[in-house]
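Visitor: Structural data only, the sequence is not supplied:
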DNA sequence: ATTTTTAGTGCACAAGTGTTGACTTACGAA
DNA sequence: TTCGTAAGTCAACACTTGTGCACTAAAAAT
């Protein structure tokens, strides 16, 4: 079960150095991808990453256990590669959103729908990120945290240039984005766990998600920097 | 290393049925608790729950592997007990907050500080909940979700009786509470991961947490039910 | 054409795993 | 005092695990 073609990155970019068709390197990359896919596939069946065994991974990848060492020092190193990949996916989402521009009509709901679609088509990466973000081994958790932090920073930049919240200082904008991203990743878990077919539940879940974001954006728009707020 | 006395529940409540000092039952409970504590302790050292082995648990609990079966069918069942316990801890927090009443001055910051303290003194349970909420085995994740859902519902009731948001329908209030709880649990991970001693970082983290909650409550106060909101 | 490199294989090993059944031993009821 | 119950122990089982070493074969370099 091949889950996806791996990292097409730039499909038609004849880089002179790398893609000079080293036939062996190609082959190596293929089993390397098979290993990564195997890990993702196992997680897709309900397992958590750091409960995966090296042998288990190589088994579903269709290679012998010792082959693993030709590509990674241990499973943790594979995990870090997975973190990096997932980070790329996150930034790809941001880039696509950037290109599409902010929808003018019913902005939040549209964004949520786009997000939902993106989560589902990149199911495995989101499963990994949402799952290991607070759970797994400390080193991987740290790496994911970095990636998410970076994502938040980029999102902050984008929103800043869009001038949607002219009232907010860059720091406050970042704090808002952190809140939004947490809400997003949390929703990702819900989206991925949702049994397919139940349109009613999906709708309720989407409505809830939309409302939460509306509250956040609503509060953000009216935010003033200095004051000590809250009801006195 | 005994981490805590287990479930004091009601320290001075001579229940006629249970506490008739069946010396054997006492002993059984003790090793049962040792098993539970062992699991928590292992997680406290950076492991995720469903990577724990039965033997591993019994080893740090100081009993022989086969003893495990006198208390739990398998590790998953232990996990479910852990979920239940953690749920109790969550509700205990709510109850204490209820008894203390809402602080009138600088309400949110106070609450955050109380919450931080509570998370640190109940470190293990929060570590478990925050870690396995989106990570571990599906059945445990589901159980945690139930517990959290219930917590949200209770919190909704409390806020309703406090009349803090008279503008919100019960459903909207629940949605707000969901947002708050997610933000709380997310902050719990940060709080627990924070290296001790770094007061500066702790302060920044707390400020961020406080601000996020302020935005949410601020947005909630101004929320109107009917309208389709957001910037058009 | 020959040699070097290297991705992938096969085999082996020590160590750890979950689970079993028969056992001890001390509590608590008779 | 006797005796059944059951928490905990012991030894053993059939596996799985991560890892090391020698090997093959095909691609790349010479």
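Guide: Arrived safely. This is a predicted model, so every value here is computed, not measured. Residues are numbered from 1 along each chain as shown, chains lettered A, B, ... in the order given.
Visitor: mind listing the helices for chain A?
Guide: Using DSSP state H, the helices of chain A run over A:23-44, A:54-61, A:75-100, A:107-121, A:123-132, A:138-162, A:170-193, A:199-221.
Visitor: Just put those in CSV and tack on distance to chain B and mean neighbour count.
Guide: (C-beta placed from N, C-alpha, C; glycine too.) Output for these, formatted as CSV (distance: least, C-beta to the nearest C-beta, whole Å; neighbours: other C-beta atoms under 10 Å in any protein chain shown):
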stretch, distance to chain B, mean neighbour count
helix A:23-44, 10, 16
helix A:54-61, 13, 17
helix A:75-100, 11, 17
helix A:107-121, 5, 17
helix A:123-132, 5, 23
helix A:138-162, 5, 17
helix A:170-193, 4, 20
helix A:199-221, 3, 19
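Visitor: looking at those, which has the lowest confidence?
Guide: Ranked by mean pLDDT, the helices of chain A end with helix A:23-44 at the bottom, a mean of 93.
Visitor: what residues go with each domain of chain A?
Guide: A:21-72, A:76-221 (automatic domain parsing).
Visitor: Export the helices of chain A as a markdown table, with columns for distance to residue B:83.
Guide: Putting the helices of chain A into a markdown table (distance: least, C-beta to C-beta, whole Å) gives the following:
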| stretch | distance to residue B:83 |
| --- | --- |
| helix A:23-44 | 21 |
| helix A:54-61 | 26 |
| helix A:75-100 | 26 |
| helix A:107-121 | 26 |
| helix A:123-132 | 17 |
| helix A:138-162 | 21 |
| helix A:170-193 | 16 |
| helix A:199-221 | 22 |
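Visitor: Output those helices in CSV; the columns should cover distance to DNA strand D.
Guide: Output for the helices of chain A, formatted as CSV (distance: least, C-beta to the nearest atom of the strand, whole Å):
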stretch, distance to DNA strand D
helix A:23-44, 4
helix A:54-61, 3
helix A:75-100, 6
helix A:107-121, 29
helix A:123-132, 17
helix A:138-162, 15
helix A:170-193, 25
helix A:199-221, 35
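Visitor: Which one, of those, ends up nearest to residue B:155?
Guide: helix A:199-221 (15.1 Å; C-beta to C-beta).
Visitor: Please find the angle between the direction vectors of that closest one and helix B:199-221.
Guide: 110 degrees (axes from the mean of the first three to the mean of the last three C-alpha atoms, to 10 degrees).
Visitor: Helix A:199-221 - contacts with which helices or strands?
Guide: Where contact means 3 or more C-beta pairs under 8 Å, 6 or more residues apart in numbering or on different chains; DSSP states H and E, helix A:199-221 is packed against helix A:107-121, helix A:170-193, helix B:170-193, helix B:199-221.
Visitor: what's the angle from the first one to helix A:170-193?
Guide: When you say that, I think you mean helix A:107-121. 50 degrees.
Visitor: DNA strand C contacts on chain A?
Guide: A:24, A:27-28, A:30-32, A:63-67, A:70-71 (C-beta under 7 Å from any atom of the strand).
Visitor: As TSV, the domains of chain A with distance to residue B:133 would be great.
Guide: TSV is the format used below for those (distance: least, C-beta to C-beta, whole Å):
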stretch	distance to residue B:133
domain A:21-72	12
domain A:76-221	7
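Visitor: For residue A:173, which non-adjacent residue is spatially closest?
Guide: In space, and not counting its chain neighbours, residue A:173 is closest to residue A:156: 5.2 Å by C-beta to C-beta, 6 or more residues apart in numbering or on different chains.
Visitor: residues touching that neighbour, list them.
Guide: A:170, A:173-174, A:177 (C-beta atoms under 8 Å, 6 or more residues apart in numbering or on different chains).
Visitor: could I get those residues as TSV with distance to residue A:225?
Guide: Putting the contacts of residue A:156 into TSV (distance: C-beta to C-beta, whole Å) gives the following:
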residue	distance to residue A:225
A:170	11
A:173	11
A:174	13
A:177	16
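Visitor: Check the residues you listed against residue A:108 and report the nearest one.
Guide: Using C-beta to C-beta, the contacts of residue A:156 come closest to residue A:108 at residue A:177, 14.5 Å.
Visitor: Show me the residue of chain A that gets nearest to DNA strand C, please.
Guide: Relative to DNA strand C, the nearest point of chain A is residue A:31 (3.2 Å; C-beta to the nearest atom of the strand).
Visitor: now that residue: how far from residue A:61?
Guide: 7 Å (C-beta to C-beta, to the nearest Å).
Visitor: and residue A:198, backbone torsions?
Guide: phi -80, psi 80 (degrees, to the nearest 10).
Visitor: neighbours around it, how many?
Guide: 11 (other C-beta atoms under 10 Å in any protein chain shown).
Visitor: what's near enough to touch it?
Guide: Counting by C-beta under 8 Å, 6+ apart, residue A:198 has no contacts.
Visitor: Need the per-residue pLDDT for it.
Guide: So residue A:198 comes in at 96 (pLDDT).
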